[in-house]
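Colleague: model the structure of this input:
(one chain, ligands or ions: 1)
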Amino acid sequence: MKKSYNYIIQGAGASGLWLAYWMHKEGLLDDKTLLIVECDKSKQNDRTWCFWGDQMIQDLSFVDFSWSQVQVFGESQRIDPYTYYHCRSEAFYTFVKNAIGSSGQIDWCFGRVTSNSQIGGRVSVDIQIDNDASVESLNVVTDWFFGSGGASVKSSEIGLWQSFVGWRVKSKPGVSLFNSDACTLMDFGIEQTGKTRFLYVLPFSGEEALIEVTQFDKEILGLEEGQRLLQEICDKRGWDISVIELENNAIPMSSIFDALERFYAPDKRIVSLGVMAGALKPTTGYGFLRMMQHGRSIALALKNNALIPTLYRKKRFRFYDDLLLRILQKHPNRGKQIFDQLFQHQSASNVLRFLNEKTNLLQEIMIFSRLPKRLFLRTLFAKWMN
Ligand SMILES: Cc1cc2nc3c(=O)[nH]c(=O)nc-3n(C[C@H](O)[C@H](O)[C@H](O)COP(=O)(O)OP(=O)(O)OC[C@H]3O[C@@H](n4cnc5c(N)ncnc54)[C@H](O)[C@@H]3O)c2cc1C
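Modeller: Below is the predicted model:
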């Protein structure tokens, strides 16, 4: 390891690796050096990512499944121009490591960044390396520091959580339970008990699927309760399955990370990535594609000596998210009605376009006009009064 680098990335997760990938692709690492610092030595398949898009990067070899249809109220609908993609995180980590592996300009360090501070035009970074027998402390300087992971959010700052408890399941040999042509994004036909809960189904074949209970609520859905719900769903639907993998986590549904400016100040050398940069849309928790796009736009800005972009979102989309979060927080039992009405009156591809923040104002007025108007107006009024 050197004492000085051009770039340091904290975290070899989604956003850190996307940035490293684009730095390499854009030729930044032909003559500049990069250090990637990751604190989790045993990082492997720690999650699955899904995302939808119409224009993708050409090489999607890390994607292992995709769907061009979704199930809405029991019927399949095409989602043109979109495709819904699924990948396992370990496939994505390997994809990026293979892509950047040929660069002799990248060093890897398994350690924890404990502090970073900008001094003049450079950033001083402290790293702690935990060897089995001892702890080693290092100081490295860099022209640019990109930080992901380590978001410290107080629970009290989070109004709502998106929790998920999922099983990757297999049916008995030869028994086809699922239709692998179409995935199900939001099936509200499950127990709500005063919260917003839905089932998410990604069928990989007739015999194998990921089935996941997702909950929007102030409380995190416990593993035991989540598994009870999954078992109940399987029993009710007559799905005789065995569980081959478990996924359980919770992400904050909050706008506290939202970027309020479009660019970093010209002299700023410490840049946030991923969740900390506001990559996750507060009302959906999707962010993988935005991290890909952010990584690319940062690499291009560095290449062209331009201002570094944030993950700024248009004000009106931040406003819609804020409104929906307020409703779900105050009336968690109304989520089912809102989303059911949304999918009843809009095609699934319209909903995906809206969630991608690619609709125009007129389309948004049409969407909101079919949702429970009094509830939205009451919430809007209460927001203004505060
Ligand atoms: C289980 C799960 C499933 C998800 N599914 C989807 C999905 O389907 N689609 C979607 O769009 N989004 C999804 N998300 C949301 C989001 O895309 C992920 O959370 C994504 O991994 C966030 O990327 P990130 O780079 O911010 O953080 P991470 O991917 O978590 O990467 C941060 C990395 O930094 C490391 N790190 C942290 N602190 C330090 C430190 N001080 N020093 C060195 N290294 C450090 C961590 O070990 C980690 O490897 C999911 C989230 C979870 C938790």
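Colleague: in the stretch 51-200 of the chain, what spans have low per-residue confidence?
Modeller: For the stretch 51-200 of the chain, the stretches flagged by pLDDT under 70 are 56-58, 151-157.
Colleague: now the strands for it?
Modeller: Using DSSP state E, counting those that start in this stretch, the strands of the stretch 51-200 of the chain run over residues 63-67, 69-72, 75-78, 83-88, 106-110, 112-119, 122-130, 135-147, 160-171, 182-187, 196-203.
Colleague: what distance separates the opening and closing residues of stretch 8-20?
Modeller: Start-to-end span of stretch 8-20 (CA to CA, to the nearest Å) is 10 Å.
Colleague: let me see the mean pLDDT of it.
Modeller: Model confidence over stretch 8-20, given as mean pLDDT, is 97.
Colleague: ok, stretch 337-351 next?
Modeller: Average pLDDT, stretch 337-351: 94.
Colleague: CA atoms of it as PDB?
Modeller: C-alpha atoms of stretch 337-351 as PDB (Å, rounded to 0.1, in the frame of the first residue of the first chain):
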ATOM      1  CA  GLN A 337     -55.900   1.100  -0.400                       C
ATOM      2  CA  ILE A 338     -53.400   3.700  -1.900                       C
ATOM      3  CA  PHE A 339     -51.300   1.100  -3.800                       C
ATOM      4  CA  ASP A 340     -54.300  -1.000  -4.800                       C
ATOM      5  CA  GLN A 341     -55.900   2.200  -6.400                       C
ATOM      6  CA  LEU A 342     -52.600   3.100  -8.000                       C
ATOM      7  CA  PHE A 343     -52.300  -0.300  -9.700                       C
ATOM      8  CA  GLN A 344     -56.000  -0.400 -10.600                       C
ATOM      9  CA  HIS A 345     -55.900   2.900 -12.500                       C
ATOM     10  CA  GLN A 346     -52.400   2.800 -14.000                       C
ATOM     11  CA  SER A 347     -50.500   0.300 -16.100                       C
ATOM     12  CA  ALA A 348     -47.600  -1.300 -14.300                       C
ATOM     13  CA  SER A 349     -45.200   0.400 -16.700                       C
ATOM     14  CA  ASN A 350     -46.700   3.800 -15.800                       C
ATOM     15  CA  VAL A 351     -46.200   3.100 -12.200                       C
END
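Colleague: ok, Gln71 touching Cys183?
Modeller: Yes. Between Gln71 and Cys183 there is a contact under CB atoms under 8 Å: 7.1 Å. (C-beta placed from N, C-alpha, C; glycine too.)
Colleague: thinking again about what came up before, so for Lys218, which of the strands of the stretch 51-200 of the chain sits nearest?
Modeller: Among the strands of the stretch 51-200 of the chain, the nearest to Lys218 by CB to CB is strand 160-171 (6.2 Å).
Colleague: next, format the strands of the stretch 51-200 of the chain as a markdown table and append distance to the ligand and mean neighbour count.
Modeller: Shown next, in a markdown table, are the strands of the stretch 51-200 of the chain (distance: least, CB to the nearest ligand atom, whole Å; neighbours: other CB atoms under 10 Å):
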| stretch | distance to the ligand | mean neighbour count |
| --- | --- | --- |
| strand 63-67 | 12 | 18 |
| strand 69-72 | 15 | 21 |
| strand 75-78 | 20 | 14 |
| strand 83-88 | 8 | 19 |
| strand 106-110 | 9 | 16 |
| strand 112-119 | 4 | 14 |
| strand 122-130 | 8 | 17 |
| strand 135-147 | 8 | 18 |
| strand 160-171 | 7 | 21 |
| strand 182-187 | 11 | 22 |
| strand 196-203 | 9 | 21 |
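Colleague: to Ile220, which of those strands lies closest?
Modeller: Comparing those by CB to CB, strand 160-171 comes nearest, at 4.9 Å.
Colleague: report all helices and strands that that closest one contacts.
Modeller: Under the contact criterion of 3 or more CB pairs under 8 Å, 6 or more residues apart in numbering; DSSP states H and E, strand 160-171 touches strand 208-217, helix 223-237, strand 241-253, helix 315-330.
Colleague: now with 6 Å, please.
Modeller: When contacts are defined as 3 or more CB pairs under 6 Å, 6 or more residues apart in numbering; DSSP states H and E, strand 160-171 packs onto strand 208-217, strand 241-253.
Colleague: tell me the angle of the shortest one relative to helix 223-237?
Modeller: Going back to what we said before, that points to strand 208-217. Interaxial angle, strand 208-217 versus helix 223-237 (axes from the mean of the first three to the mean of the last three CA atoms, to 10 degrees): 120 degrees.
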